[in-house]
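In: Compute the structure for the input listed below.
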Amino acid sequence: DLIPKILETNPQVFEIYGRVSQTGQSERFETYMEPLNRWFEVSVYGVGNEQFIALFDNITDRKQQEKRTQEMYESEKHANEFRQRVLTMINHEFRTPLTYITASASLLQSNGDLSDEQRIDLLRRVRLGSDKLNHIVESYLFLVASYASEASLSYRLYRRPVFTEDWKILVEGVVSKRRL
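Out: Residues are numbered from 1 along each chain as shown. From the prediction side, this is the model:
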């Protein structure tokens, strides 16, 4: 009667009390008591004649700190995974346009036998590669800024043709995390 509804919310406590009072073997456990909105570490000792003593230590502050620590760990873990995915994708996404630019520039520089049409095509490739690289940098900076500031991502991210499937999956993951 000291703790309302304890029999309904924490029946395992009474099972432990009964076991300790019968066996005399001490037990220690942690339990959340909903009626009190508190966590307790309970030490139960048998004292003979099917009797016991229960000592309650309020560990609510410790449990709350453990929860905050776990949440911070999960958040840092998620941030590290995000950074790793972004770095992996950037490595791939940057190399593709840079390859176009480098190869086209090398052909323009080393091959004097190119027709005007071939030169124009190579220059077009350099321009497309540069544009794509610029869009990637712009999109990456926006994505990182949005993630870092916890701002919601705008619809324009989905409309940019520069994003590959990997980028779309990453952006959708960031958006869904923000909605949780």
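In: which element is the spatially most central residue of the chain on?
Out: By C-alpha atoms, centre = their mean, the mean C-alpha position of the chain lies nearest to H78, the distance being 2.6 Å. Taking DSSP states H and E as the criterion, H78 maps to helix 60-110.
In: ditto for D131
Out: Assigned by DSSP H and E, D131 falls in helix 116-149.
In: tell me which strands and helices that helix is in contact with?
Out: Contacts defined by 3 or more C-beta pairs under 8 Å, 6 or more residues apart in numbering; DSSP states H and E place helix 116-149 against helix 60-110, helix 156-159, helix 165-179. (C-beta placed from N, C-alpha, C; glycine too.)
In: got the angle between it and helix 60-110?
Out: 170 degrees (axes from the mean of the first three to the mean of the last three C-alpha atoms, to 10 degrees).
In: any idea how far helix 116-149 is from the chain center?
Out: 29 Å (C-alpha atoms, centre = their mean, to the nearest Å).
In: If you tally nearby residues, what's the number for A54?
Out: Neighbours of A54 under the rule other C-beta atoms under 10 Å: 14.
In: Make sure I have this right: it is in a helix.
Out: No: using DSSP: H, G, I helix; E, B strand; the rest coil, the assignment for A54 is strand, not a helix.
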